[in-house]
Every structure is written in structure tokens, then in C-alpha cells.
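# this one's sequence-less:
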């Protein structure tokens, strides 16, 4: 009885709403550029997703902490400085420990700076809410970005390379779908996912928030 | 005979309307009914239609025009072609039925033509599962997501073909087969022996060889299933132009502009531009000009727009053939111009009605 109460607290709702109804990629359509570009392999998607998780949580924490000290007319540039500092940390970390993945991701790690999810969450949530809720919101949204990326990548990698997480899953005579390794394949898959998410969201009754 | 069929269908209609589960499949029944009997609707108010031609008769004429090319395809590439056509119909039709049941709308016959055109533009060695994949993909992303028959921006058959050729380029680059020639040909064989030959366009790209025009007309050269027998395509195409189902402005300007561009190009750069007659008779240009560019849904609707559409199609086709890594440009040219067709129409209408003052919206 007590455990089920947790589902109705504000914290849990903040955390969970990003997962399905307000899924960052498939419903809010944020961060599409990177979702199309790095979702060709599961490992790339995972690296990118974890990068965003780290940057979003840390920057949400900082923004929320400093929210009363940031003058509102300079808030965007302050967010940018915080985000870019953290992105450089992620970029250098990947270069040092995972040089191969860093090479495959190319400029897209640095482009996390311009990812709309970060700016959107800061502007809409972290700049107005206390630290604890901001962190929950950041965790929810960044994880929803990561899992959307993984959903796209898991189908693309299986069809384009016959592998999953670099392990061969398809039979040897499988002819790879080269279109899935290119951007058009990602567009088609993303369109399908958006369709699915919207249909299922429509089927659910509207809840009073 | 027809009376009995009518009575059976009427009985079936009564049963279907009564049972709740079967009600969902009413569109399927309606389509079967309409296939055999023309619509019973009569126009009660002006304007009256004197001619009973509707989408269905429209489609059946295109099918009739495609018959020579189809028979030639079977003759050249064996009885497997029939299997390919059947699979294309089954896979695409399944998607179509699923959508019409889901949307509770009547089943349109638009797929009758798409399902036949699609296999005709595939290479003869295509694996059967790819046919199913391409047909369902073309119908889904080329047609149904835009709202079904009559609302598609792109030609569904070409969408499926482009998807396949991007996904599996090896089947569209090296797997061409030499057709049967002489005697009963492919009517008694399942598929050609594994002798691969290059299409005339590939030959030109690599060695500047130009096939002779009688060979190209007769079609005993490698190519897609339905595009090699050019005499049949011309006969079918001219039939469509005569009954005014295909738009002559598009077909003629397409062929003429392709001819002129390659004529000029061949004078200045004979190595990269093939001679004009060869350009027109090779690849899918004739097939595209008569059967795919003239698609009334995805092409422009104004007459002036059709002139522009045809001219740009020809220019694009020759440029893609000459200056890109692709040997055939018809498919990309038509899809690109499909995307531009609404824009052309808008520009034409704006120019034409510039002087008429716009009605202010209330």
C-alpha cells in the first residue's frame, strides 16, 4: 500500500513523464539530428545516450542550484557555458578511453551542446524548480532520449550490419540492408516510431495532472 | 451467368451487414462487388457525367496497355515473372486491405496498376522476399501514409523500387540476365540460366558501346522485367495517349527534351553523353514516360505545368545518367519531379490568376 503511493508523488511523475507520453524524441521531437545520425549502431547510440545523460543531469543540477543568481536576461548564455563545459568533459573522456567510438561519433558529441533537449529542459524546468525535482526531471528525460536512440539503433544495426552490439545475430547468407546504414533508413524508422507512440498515446485516457 | 453472380453478391451483402464481426471487412466485399459490376450510382443533379469512366475503368485501361510488356517479360525471363507479379499483388494488397479495414474506408483499386508496374521495373533475378518487401514498403510509405489512393505525392511503385535499389544495390548493379530469345523462350522455362549480362546503359558507362536500335526495340538485351520490349511499350503507351488516360503533353515533352539534351550533349561531349536515339530506347525511359510520369495523381494538374514537368524530367534523366554514379536516371528524375509537381502547379496558378483580386477571408 505504501509502496504504491510512490507512483502518485510529484517526484515520480516528474521522473516518469518523459518516458512515454512526453518522450523526448518520439513525442516532443527534440534532438532529432543526433537521433538520426548516431543511431546506426547500438554501441554508438549507447555512448551518445550516456553522454547526454551525464551532461543533462549535471547541468540541470548546476542550473537549478544557480537559478536564483542567474539574471534572467543572461540566462541562455549562462546555460550555454555550463553545457559546453560539461560536453567538453564528455568529449575528452571518450577520446581518452574509447577512441574508436569517439571517432565513429565524429562531431556529434560536440554537437550535444546544441541539442534541444538540454536547453529545453533547462528553460522549461530546471530554471524554475528546486534541485531535487530538476535532477529527477533530467534523469527521466535523458533516459528517455537514450532508450529511444537504442530502439532505433537496435533495428538499424540488425538490418544494416546483421549484428547486435557487434555480435553476429543474423545468418551468414543474410544480405544487409544498406539503406538502413544511411540517413533515409533512420528517417523511415523514426517516422514509424513516432506513429506508434502517437497512436498508443491517443489510446490512453487523458489523466488530470 | 452474371445474373447468378449478382444474386450471390446480394445475398453475401445481406449476411455481411447483419453480422458484426464481418462488418469490418465490408470494404473488401465492396471492392469485389465493384470489380465485377460498375457503380450503380447515377448523377441526379447537374453536372451529369455522360461517360461512365471512373477510377476503375481508368485503371483497367492502364492494365490493358501494360499487357504487351508483361507478356514480353514472361517470354524473356521465364515463368518466374508470373510468380513475382503474384507476390507483388499479394504483399501490396495486404497492406492496402489492412489500411482500408483500419480506416473503415472502401478499398480503392489504385493498387491494381501499382502492383503490376512494380514487378515490371525490377531486375529479373530479384529474390521473391525482396519483391514482397518492396511492394509493401512502396504502398505503405509511398501511398498510405499520405492518405491512400489519390493523395500520394510520390509514385508508390517507384518508392518501392528506390528503397530496394538503395537497400540492396548489388541486385541492381550486377545481377542482370540475358533474356531468352527464339522459339518458345521463357514460356516453357522457370527462369534464365545464370548467365549475367550488363544492361546497355552499364555497357555504355564502362566501354562506350552503343547497342543497335533494332536490338533495343525488340528487347533481347538485359534489363528490367518489363522495360526491354520497347515495341510493346510504345503500342501500349500510344493506346493510353489515344484514349486520353495518359497525358500526351508529359510523355511527348519528356521524350523530346531527353532527345534534345542528349543530342546537344553528344555533340560536345561524345564520351560521356550517349547518342540521343540510344538514350531514348535504353533503360526505362519509354516505360517511365508512358506509364509512370503520366500518373495523374503525382504529376501536375495544369497544362502549362505539364509542359514544364516533362521538359525537366528529360533534362534531369539525361543529366543523372551522364554525370552521376547511377546508370539509370528515370526513377530518380520522376520521383524528384513528383516532389516538385505541386510547386509547379502553384506557380502556374499564381501567374495565371494574378490579375484577379483575392477574396478577403472573413
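Perfect, I can see it now. These numbers come from a predicted model, not from an experiment.

# so which strand or helix has the closest residue to residue B:229 other than its chain neighbours?
Of all residues not flanking residue B:229 in the chain, residue B:72 sits nearest, at 3.3 Å (CB to CB, 6 or more residues apart in numbering or on different chains). (Each C-beta comes from the backbone N, C-alpha and C, glycine too.) Applying DSSP states H and E as the criterion places residue B:72 in helix B:55-77.

# and the helix or strand where residue A:77 lies, what's its mean pLDDT?
Element membership for residue A:77 (DSSP H and E) is helix A:75-97. Confidence for helix A:75-97, expressed as mean pLDDT, is 92.

# any stretches of chain A with poor pLDDT?
Residue ranges of chain A with pLDDT under 70: A:1-3, A:203-209.

# center of it - which residue?
residue A:145 (2.3 Å; CA atoms, centre = their mean).

# residues contacting it?
Residue A:145 makes contact with A:24, A:25, A:31, A:35, A:49, A:52, A:53, A:117 under the criterion CB atoms under 8 Å, 6 or more residues apart in numbering or on different chains.

# and for residue A:123?
A:75, A:76, A:79.

# helix or strand: which one has the closest residue in space to residue B:266 that isn't next to it in sequence?
Leaving aside its sequence neighbours, residue B:266 sits nearest to residue B:273 (CB to CB, 6+ apart; 4.5 Å). Assigned by DSSP H and E, residue B:273 belongs to no helix or strand.

# relative to residue B:211, how far out is residue B:273?
16 Å (CB to CB, to the nearest Å).

# the two: which is more packed in?
Between residue B:273 and residue B:211, counted using other CB atoms under 10 Å in any protein chain shown, the more crowded position is residue B:273 (22 against 17).

# can you pull the contacts of that one?
B:262, B:265, B:266, B:318, B:322.

# go again using 7 Å as the cut-off
Residues in contact with residue B:273 (CB atoms under 7 Å, 6 or more residues apart in numbering or on different chains) are B:262, B:265, B:266, B:322.

# same deal with residue A:134?
Contacts for residue A:134 (CB under 7 Å, 6+ apart) come out as A:60, A:61, A:64, A:125, A:126.

# in those, find the pair that's most separated.
A:61 and A:125 (12.2 Å; CB to CB).

# just give the closest residue to residue 120, not the sequence neighbours.
In the absence of a named chain, this looks at chain A. Per CB to CB, 6+ apart, closest to residue A:120 is residue A:30, 5.8 Å.

# try again with chain B
residue B:226 (2.7 Å).

# against residue B:77, how distant is that neighbour?
Using CB to CB, residue B:226 is found at 9 Å from residue B:77.

# the two - which one has more neighbours?
In terms of neighbours (other CB under 10 Å), residue B:226 is the more surrounded of residue B:226 and residue B:77; the figures are 32 against 28.

# surely that one is in a helix?
No - counting by DSSP: H, G, I helix; E, B strand; the rest coil, residue B:226 falls outside a helix, being coil.

# can you pull the contacts of it?
B:69, B:70, B:73, B:120, B:121, B:287.

# about what we covered before: pretty sure the residue nearest to the centre of chain A is in a helix, no?
Yes - counting by three-state DSSP, residue A:145 is part of a helix.

# isn't residue B:16 up against residue B:26?
Yes - the criterion here is CB atoms under 7 Å, and residue B:16 meets it with residue B:26 at 5.9 Å.

# mind listing residues that contact the helix holding residue B:72?
B:34, B:81-82, B:108-109, B:112-113, B:116, B:120, B:124, B:177, B:179-180, B:185-187, B:191-192, B:219, B:225-226, B:228-229, B:232-233, B:235-237, B:239-240, B:243, B:245, B:291.

# do stretch A:190-205 as well
For stretch A:190-205, using CB under 7 Å, 6+ apart, the contacting residues are A:21, A:23, A:26, A:27, A:35, A:36, A:151, A:152.

# hmm, back to that, tell me how many other residues crowd the residue nearest to residue A:120.
For residue A:30, using other CB under 10 Å, the count is 20.

# re the thing from before, pick out whichever of the contacts of residue A:134 sits closest to residue B:141.
residue A:125 (35.9 Å).

# just to revisit the earlier point, for the helix or strand following the helix holding residue B:72, packing partners?
As assigned by DSSP H and E, the chain's next helix or strand after helix B:55-77 is helix B:80-103. The contact analysis (3 or more CB pairs under 7 Å, 6 or more residues apart in numbering or on different chains; DSSP states H and E) places helix B:80-103 against helix B:26-36, helix B:55-77, helix B:110-120, helix B:128-142.

# pick the most deeply packed of those.
Among those, helix B:110-120 has the highest mean neighbour count (mean count of other CB atoms under 10 Å in any protein chain shown), at a mean of 25.

# quick revisit: most neighbours among the contacts of stretch A:190-205, which one?
residue A:35 (28 neighbours).

# which residues of chain A lie near chain B?
Within chain A, the positions adjacent to chain B are A:175, A:177, A:178, A:179, A:184, A:188 by CB under 7 Å from any CB of the partner chain.

# PyMOL command to pick out the buried ones of those?
Of the residues of chain A next to chain B, the buried ones go into a single PyMOL selection, burial set by 16 or more other CB atoms under 10 Å in any protein chain shown:
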select buried, chain A and resi 177+178+179+188
